[in-house]
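J.: show me how the following folds:
(one chain, ligands or ions: 1)
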Amino acid sequence: MLRIGVLVSGRGSNLQAIIDTIKSGKLNASIEVVISDNPKAYALERCKKHKIDYQIIEMKNSPSRKYFEEKIVGILKSKNVELVVLAGFMRILSSYFLKNFPYRVINIHPSLIPAFQGLHAQRQALDFGAKFTGCTVHLVDESVDGGPVIIQAVVPVLPEDTEDTLAQRILRWEHKILPQAIQWFSEERVIIEGRKAFIKDARYGELPVNPALEIF
Ligand code: GRF
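T.: Residues are numbered from 1 along each chain as shown. I've put the predicted structure just below:
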């Protein structure tokens, strides 16, 4: 059973997908703690409902980013967390944080990186006129949404899309690829070679998700 810590800032629909996939028996992981930098995050309601331990660490109450990150690292270490999952966490983590969890911090981003990194990825895709976008689970390094890619899903952009309809279409796939990526860590099948990540014995080459989903 992989011990995970989930960092959130908002709605928490990806957190919910992790909770649901664990409950269904398809994801062999346990959420040891959820940490939010936002006391109003709806994700915290989900924690209450499912009796998941959570903590609020606000940047505005921290004298420095180092202090803020030290508090989060301290909580994660005290829970013996083996994988840190950023699920809508709206802050960039420093090398201090990442050194504490080498190759063990992942993020979900709503585009096919390296396209449309940073904020408002769905709006960026619409404004650009892209015909496909998608979502990515990647390892976190010090770049913004730029670490080694673990899994991506391709999603079409329709002429009538708004930011919201596109975000919803992408989200349905986020809710599959994030639990799937966590399951691969749980199975110890994630292999890092330089800036590339591979999944041992995964099926590569199909659409719309590469490598192919196994647990859905
Ligand atoms: C998702 O679109 C995720 O890709 C991005 O932030 C959003 C978080 O949504 N990083 P939620 O809080 O999981 O509902």
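J.: Glu160 and Lys131: what is the separation?
T.: Using Cβ to Cβ, to the nearest Å, Glu160 is found at 13 Å from Lys131. C-beta coordinates here come from the backbone N, C-alpha and C atoms, glycine included.
J.: the more surrounded of those two?
T.: Applying other Cβ atoms under 10 Å to Glu160 and Lys131 shows that Lys131 carries more neighbours, namely 10 against 5.
J.: burial measure for the closest residue to the more buried one other than its chain neighbours, as a count.
T.: The shortest distance from Lys131 to any residue other than its chain neighbours is 5.6 Å, reached at Val157 (Cβ to Cβ, 6 or more residues apart in numbering). A total of 19 residues lie near Val157 under the criterion other Cβ under 10 Å.
J.: repeat for Asp201
T.: Other residues near Asp201 number 9, with proximity taken as other Cβ under 10 Å.
J.: shouldn't it be in contact with Glu187?
T.: No. Contact criterion Cβ atoms under 8 Å: Asp201 and Glu187 do not qualify, at 9.4 Å.
J.: how about the residues of the chain by the ligand?
T.: By the rule Cβ under 6 Å from any ligand atom, the part of the chain lying against the ligand is Gly10, Arg11, Gly12, Ser13, Asn14, Ala87, Gly88, Ile108, His109, Pro110, Glu174.
J.: need these in JSON lines (columns: secondary structure, pLDDT and distance to Leu213).
T.: JSON lines is the format used below for the residues of the chain next to the ligand (DSSP: H, G, I helix; E, B strand; the rest coil; pLDDT from 0 to 100; distance: Cβ to Cβ, whole Å):
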{"residue": "Gly10", "secondary structure": "coil", "pLDDT": "98", "distance to Leu213": "25"}
{"residue": "Arg11", "secondary structure": "coil", "pLDDT": "98", "distance to Leu213": "23"}
{"residue": "Gly12", "secondary structure": "coil", "pLDDT": "98", "distance to Leu213": "22"}
{"residue": "Ser13", "secondary structure": "helix", "pLDDT": "98", "distance to Leu213": "18"}
{"residue": "Asn14", "secondary structure": "helix", "pLDDT": "98", "distance to Leu213": "16"}
{"residue": "Ala87", "secondary structure": "coil", "pLDDT": "98", "distance to Leu213": "18"}
{"residue": "Gly88", "secondary structure": "coil", "pLDDT": "97", "distance to Leu213": "21"}
{"residue": "Ile108", "secondary structure": "strand", "pLDDT": "98", "distance to Leu213": "15"}
{"residue": "His109", "secondary structure": "strand", "pLDDT": "98", "distance to Leu213": "18"}
{"residue": "Pro110", "secondary structure": "coil", "pLDDT": "98", "distance to Leu213": "18"}
{"residue": "Glu174", "secondary structure": "helix", "pLDDT": "98", "distance to Leu213": "12"}
